[in-house]
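Trainee: Here's a sequence, model it:
(one chain, ligands or ions: 1)
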Amino acid sequence: MNKKDFRKHAHQLVDWMADYMENKGSYPVSPKVQPGDIYQQLPDNAPNLPESFEDIFQDFEKIILPGMTHWQHPAFFGYFPANNSEPSILAEMLMSTLGAQCMSWLTSPAATELEERVLEWLRDAKGLNVSWKGVIQDTASTATLCAILSARERASNFSINKGGFTGKEKYRVYSSSHVHSSVDKAMRIVGLGEENLVKVAVDKSFAMDPNALREAISTDLLSGFTPLCVVSALGTTSSTAIDPVKEIGEICDEFGLWHHIDAAYAGTALLLPECRWMMDDMVKADSYVFNPHKWMFTNFDCSVLYVKDVDQLVNTFSMTPEYLKTEQDEHVNNYRDWGVQLGRRFRALKLWFVIRSYGLEGIREKLRLHLFLSKKVANLVENHKNLEVLAPIPLNTICFRFVDKSLSQEQLNFLNAKWMQSVNATGKAFFTHTKLDGNYCIRWVIGQTDVSIKEIDRTWELLMEQLPELN
Ligand SMILES: *Cc1c(COP(=O)(O)O)cnc(C)c1O
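Mentor: Purely as a prediction, here's the structure:
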């Protein structure tokens, strides 16, 4: 593609993008396709000769777009959102145009220093401990992996990094039974083994019971295990239960354990003073992760890891072969040493654009709208005689189900799954589910950039339309 064509197509694409942003609510949220449908439309072999941009784009519209789930649709209520915004998209365009690889300060000084600054902004705006230092990772899974690896190296005095396991280590990590699967996965990767993730009981609100944690640690100590780390959840994935991070931090302090707080989704809410009850800056923690790529209008991917002791993190990951050495190494942050990846994208640019375009107050306004809409949904569900809410709603995730006292759990689970599938099949809204105490429930997560009362009302109607089918 020559420079002239690039300009032409770029303009066309920007128009397409602007149209998409205006009309994203008119697509079916999830596509009606079967496995293999897209694959079969793609040729067996890569083209040997150049194809025109028109042809490529035509196939994008004809083959790819109909196979997409529209995550930015205002009635996408599944999983947790991966919401984006106009300023974030514009920043991505610049990032890919500059094409910088931001592994060290020298490889793009502005990228490194902007990252340092915006993460300070966010730390302070969220009321986190002012001594914490941040680094952007691709995902919360990676950030948690980094935290547990650092905990392992702190406990072993870096001996496992050097010589590997001796076979005598019996490390244990603790979380609630509602922990995100990325923690189980990290246990495998860090070499501790997923069976050594002790899943502590939860209370009625599905938050970790600190007494049960203390007991689990004590029992393990008596049995010859070495407690290493506790991963608490500020907002579990099933129901956004808020673990008591202050008490957990104190227990970690008492036993000398690493405390990692997984606030992947709910961490964004700390921007609201009225949500600070979840966690204040007095909480004792060694690391904390939250995903601007979930609820902070920054398109995937962008996950922020804060740590109390940067040296611990850097000593765990730093690798400086001759070809990576630079003159400034002693005076700058080389973020390649703060995590798994060597090469790094310029993600700080997105955060900068988003924070400046909205202003913190603009972001807060959107979050407050989400919380308000969630209250409305909670009221609708609570006032319906055949529906019930199955978990407390500290933020904007409502776990609810159809209920009929004459039916068994199994029957109810079946009917609720059918209900959700029938709603999703309309393409007008999209939900995903979880199970709480064995009860299948639909999760209604209200965190879309452009969700409004209109989508809530329409989706409620849709749910009601599909509901009678059950009887
Ligand atoms: C979504 C989520 C994760 C995983 O996030 P990724 O960035 O996709 O790795 C981890 N923990 C919790 C609590 C989550 O909700």
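
Trainee: and the chain, which of its residues are near the ligand?
Mentor: Proximity of the chain to the ligand (Cβ under 6 Å from any ligand atom) is limited to residues 80, 139-141, 180, 182, 233, 235, 237, 262, 264-265, 291, 303. To be clear about C-beta, it is placed using only N, CA and C from the backbone, and glycine gets the same treatment.

Trainee: let's see it at 5 Å
Mentor: 139, 140, 141, 180, 182, 237, 262, 264, 265, 291 (Cβ under 5 Å from any ligand atom).

Trainee: Same list, those, but as a markdown table with pLDDT, secondary structure and neighbour count please.
Mentor: Conversion of the residues of the chain next to the ligand to a markdown table gives the following (pLDDT from 0 to 100; DSSP: H, G, I helix; E, B strand; the rest coil; neighbours: other Cβ atoms under 10 Å):
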| residue | pLDDT | secondary structure | neighbour count |
| --- | --- | --- | --- |
| 139 | 98 | coil | 17 |
| 140 | 98 | helix | 25 |
| 141 | 98 | helix | 20 |
| 180 | 96 | coil | 21 |
| 182 | 97 | helix | 20 |
| 237 | 97 | coil | 21 |
| 262 | 98 | strand | 30 |
| 264 | 98 | coil | 27 |
| 265 | 98 | coil | 27 |
| 291 | 98 | coil | 26 |
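
Trainee: where along the stretch 51-200 of the chain do the helices fall?
Mentor: Ranges of helices within the stretch 51-200 of the chain are 53-59, 86-98, 109-125, 140-155, 159-163, 181-190, based on DSSP state H, counting those that start in this stretch.

Trainee: One more: the stretch 301-450 of the chain?
Mentor: Using DSSP H, counting those that start in this stretch, helices in the stretch 301-450 of the chain cover 310-317, 348-382, 409-425.

Trainee: Tell me which residue in the stretch 251-400 of the chain sits closest to the ligand.
Mentor: residue 264 (3.5 Å; Cβ to the nearest ligand atom).

Trainee: Would you agree that residue is in contact with residue 181?
Mentor: No: contact status for residue 264 versus residue 181: not in contact, 11.8 Å apart, counting by Cβ atoms under 8 Å.

Trainee: And the pLDDT for residue 386?
Mentor: With respect to pLDDT, residue 386 scores 93.

Trainee: if we can go back for a sec, for the helices of the stretch 301-450 of the chain, give me CSV that also has mean pLDDT.
Mentor: What follows is those, written out as CSV (pLDDT from 0 to 100):
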stretch, mean pLDDT
helix 310-317, 96
helix 348-382, 98
helix 409-425, 96
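
Trainee: Adding mean neighbour count, write the ones you listed out as JSON lines.
Mentor: Shown next, in JSON lines, are the helices of the stretch 301-450 of the chain (neighbours: other Cβ atoms under 10 Å):
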{"stretch": "helix 310-317", "mean neighbour count": "18"}
{"stretch": "helix 348-382", "mean neighbour count": "18"}
{"stretch": "helix 409-425", "mean neighbour count": "16"}
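
Trainee: Which of these sits closest to residue 436?
Mentor: Comparing the helices of the stretch 301-450 of the chain by their distance to residue 436 (Cβ to Cβ), the top pick is helix 409-425, with 11.3 Å.

Trainee: other SSEs contacting the closest one?
Mentor: Other elements packing on helix 409-425 under the criterion 3 or more Cβ pairs under 8 Å, 6 or more residues apart in numbering; DSSP states H and E are strand 397-402, strand 432-436, strand 439-445, helix 453-466.

Trainee: for this protein, what are the low-confidence residue spans?
Mentor: Scanning the chain for pLDDT under 70 picks out 468-471.

Trainee: Need the residue in it that's farthest from the chain's center.
Mentor: residue 49 (40.5 Å; Cα atoms, centre = their mean).

Trainee: what kind of secondary structure is that residue in?
Mentor: What DSSP: H, G, I helix; E, B strand; the rest coil gives for residue 49 is coil.

Trainee: how distant is stretch 120-132 from the center of its chain?
Mentor: 19 Å (Cα atoms, centre = their mean, to the nearest Å).

Trainee: List the buried residues of that stretch.
Mentor: Using 16 or more other Cβ atoms under 10 Å as the test for burial, stretch 120-132 gives 122, 123, 126, 128, 132.

Trainee: burial count for the closest residue to residue 337 other than its chain neighbours?
Mentor: Spatially, and ignoring its direct neighbours in sequence, residue 337 is nearest to residue 318 (4.1 Å; Cβ to Cβ, 6 or more residues apart in numbering). As a burial measure, residue 318 scores 13 neighbours (other Cβ atoms under 10 Å).

Trainee: And residue 318, its phi and psi?
Mentor: Here is the backbone geometry of residue 318 (degrees, to the nearest 10): phi -60, psi 130.

Trainee: likewise residue 279?
Mentor: Dihedral angles (degrees, to the nearest 10) for residue 279: phi -170, psi 130.

Trainee: Relative to residue 1, how far out is it?
Mentor: For residue 279, the distance to residue 1 equals 49 Å [Cβ to Cβ, to the nearest Å].

Trainee: export the helices of the stretch 301-450 of the chain to a markdown table and tack on distance to residue 219?
Mentor: Below are the helices of the stretch 301-450 of the chain laid out as a markdown table (distance: least, Cβ to Cβ, whole Å):
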| stretch | distance to residue 219 |
| --- | --- |
| helix 310-317 | 28 |
| helix 348-382 | 38 |
| helix 409-425 | 31 |
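
Trainee: The ones you listed: which one's closest to residue 397?
Mentor: Among the helices of the stretch 301-450 of the chain, helix 348-382 sits nearest to residue 397 (Cβ to Cβ), with 7.5 Å.

Trainee: just how off-centre is that closest one within its chain?
Mentor: 16 Å.

Trainee: So for residue 279 and residue 1, which sits in the more crowded spot?
Mentor: Higher neighbour count among residue 279 and residue 1: residue 279, with 27 against 11, using other Cβ under 10 Å.

Trainee: Verify the stated contact: the residue nearest to residue 337 with residue 335.
Mentor: No: Residue 318 sits out of contact with residue 335 when judged by Cβ under 8 Å, with a separation of 11.1 Å.

Trainee: residues near residue 190, how many?
Mentor: Quick note: residue 190 (other Cβ under 10 Å) scores 24 neighbours.

Trainee: Enumerate every residue touching the residue farthest from the centre of the chain.
Mentor: By Cβ atoms under 8 Å, 6 or more residues apart in numbering, the contact list for residue 49 is empty.

Trainee: Check residue 146 too.
Mentor: Counted by Cβ under 8 Å, 6+ apart, residue 146 has contacts 137, 287, 305, 313, 316, 317, 338, 339, 340.

Trainee: And residue 116, how far from the ligand?
Mentor: 21 Å (Cβ to the nearest ligand atom, to the nearest Å).

Trainee: Find the residue closest to that residue in space, skipping its chain neighbours.
Mentor: residue 333 is the one closest to residue 116 (Cβ to Cβ, 6+ apart), at 6.0 Å.
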